[in-house]
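Q: no sequence for this one, just the structure:
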């Protein structure tokens, strides 16, 4: 697991009281019982953590897609 994926998994695990090792790129937010408000709050926290801006409308609902968008924004 790379650094970005690990940081996202840890942030998700903190929100869901889950295990970060159980969160993969294929995991969907609805599988973690996160609604759109939860995802928006997560995105705001990650924007602060990575010092980037994330276009939430580009996220398709998967952890992998969020990680990809973070990578693109960080380049």
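A: Alright, I've got the coordinates. Keep in mind the model is a prediction, meaning the values are calculated, not measured.
Q: which residue packs closest to residue 7, ignoring adjacent ones?
A: Closest residue in space to residue 7, ignoring its immediate chain neighbours: residue 49 at 6.5 Å, by C-beta to C-beta, 6 or more residues apart in numbering. Quick note: C-beta positions are derived from backbone N, CA and C, even for glycine.
Q: I'd like the distance between the one you found and residue 41.
A: Note on residue 49: its distance to residue 41, by C-beta to C-beta, to the nearest Å, is 13 Å.
Q: identify the residues contacting residue 16.
A: 32, 33, 34 (C-beta atoms under 8 Å, 6 or more residues apart in numbering).
Q: of those residues, keep whichever come out buried.
A: Taking 16 or more other C-beta atoms under 10 Å as the criterion, what is buried in those is 32, 34.
Q: wait, residue 9 sits on residue 23?
A: Yes. Contact criterion C-beta atoms under 8 Å: residue 9 and residue 23 qualify, at 4.2 Å.
Q: tell me, what's touching these two both at once?
A: residue 63.
Q: neighbours of the residue nearest to residue 7, how many?
A: Counted with other C-beta atoms under 10 Å, the neighbours of residue 49 add up to 14.
Q: got a pLDDT number for it?
A: pLDDT, residue 49: 94.
Q: secondary structure element holding it?
A: If you go by DSSP states H and E, residue 49 is part of helix 36-50.
Q: which parts of this structure are helices?
A: Along the chain, counting by DSSP state H, helices occupy 3-16, 36-50, 63-74.
Q: that'll do, ta.
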